[in-house]
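**Q** pasted the sequence and its predicted model underneath.
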Amino acid sequence: MFSSGFMILREGEEAAAETVAEETAQTAVGLNWETVWLKLTEFAVSIAGKLIVALVVLFVGKLFIRLVLRMMRRSRALKKADVAVSRFLTSFIKMMLNIILVVIIIGVLGVPMSSVVAILTAAAAAIGLALQGALGNLAGGIMILIFHPFHLDDFIDAGGYSGTVTDIGVFYTVLKTPDNKEITIPNGTIMAQPVTNFSAFDTRRLDINFTVAYGTDLEKVRAALLETAAAHPLVLQEPAPFARLTAHEDSALKFTLRVWVKRADYWTANFDLIEQVNQRFAADGIQIPFNQLDVHVIAKEK
């Protein structure tokens, strides 16, 4: 009797324990899912709120940048400054304001600023090593604006290329060649090499070489050159034209004609004088020689 009662009691205790265990497990599972869902909901709401704020900051920041740039373009100081300086400063400030806006948005999204600063420092070091040429071009652009070796619309020779300056950017300078090609030259390359500015002064000296045959009357040639130059309407009379014998070549005497013209008339005067001097030589009977070789034969004595 006692044994049977003990067995019944033991079985009841085991059944009660199993029931309690099942209820505890179900409760724990229910609580875990509810906790997870609650955390996910809170995270989504937090992210959504930050994203909305970030979008608002982005929108307002873009409007602010546009307003700043518009005020800069309308400012009297920039209007009085060189056009290249104005464009350079506008581009540089726009770039810096956009970088600041990105940093602010990262902060709004909840990223710790200490981490942002550390990342930016590491990125700046890596980018600095990878983009040494770009930083050199930026420094070159700043040097161009400080020392003004040339301005917009100047005709220059730089980096092995010649053309009219159409734009001076933060990193590159753009040239337009006489045959209507666009050449983009890094600013670092320009500042590392000599720059020839053909537009620095209002006038230019034009040097043209002519050859005549040996035995020609030197004064006749010189008079023909000076009279032709003096009669040309684009040739300036002060400084006066210059014409002299400058070299004895293998088959000819070389004369150099030097005249001063206005910068815009350089090529027109060059081509006109070549044609007109050729006509004057023909009219005066001045011979333009061809390359020739005199051969002297020495008879061998028998």
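**A** That came in fine, so what should we check first?

**Q** against Val57, how distant is Leu49?
**A** For residue 49 the amino acid is Gly, not Leu. 13 Å (C-beta to C-beta, to the nearest Å). (Glycine included, C-beta is placed from N, CA and C.)

**Q** more neighbours, these two?
**A** Val57 (16 against 10; other C-beta atoms under 10 Å).

**Q** shaky segments in the stretch 201-302 of the chain?
**A** Scanning the stretch 201-302 of the chain for pLDDT under 70 picks out 292-294, 301-302.

**Q** in it, which spans are helices?
**A** 218-231, 266-284 (DSSP state H, counting those that start in this stretch).

**Q** Arg87: which of the ones you listed is closest?
**A** If you check each of the helices of the stretch 201-302 of the chain against Arg87 by C-beta to C-beta, helix 266-284 wins as the nearest, at 28.0 Å.

**Q** check the offset of the closest one from the chain's centre.
**A** On the basis of C-alpha atoms, centre = their mean, to the nearest Å, helix 266-284 sits 41 Å off its chain's mean C-alpha point.

**Q** just to revisit the earlier point, in JSON lines: the helices of the stretch 201-302 of the chain, plus distance to Lys181 and mean neighbour count.
**A** Below are the helices of the stretch 201-302 of the chain laid out as JSON lines (distance: least, C-beta to C-beta, whole Å; neighbours: other C-beta atoms under 10 Å):
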{"stretch": "helix 218-231", "distance to Lys181": "33", "mean neighbour count": "17"}
{"stretch": "helix 266-284", "distance to Lys181": "18", "mean neighbour count": "15"}
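
**Q** can you list those helices in a markdown table and add distance to Ala118?
**A** Formatted as a markdown table, those follow (distance: least, C-beta to C-beta, whole Å):
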| stretch | distance to Ala118 |
| --- | --- |
| helix 218-231 | 72 |
| helix 266-284 | 58 |
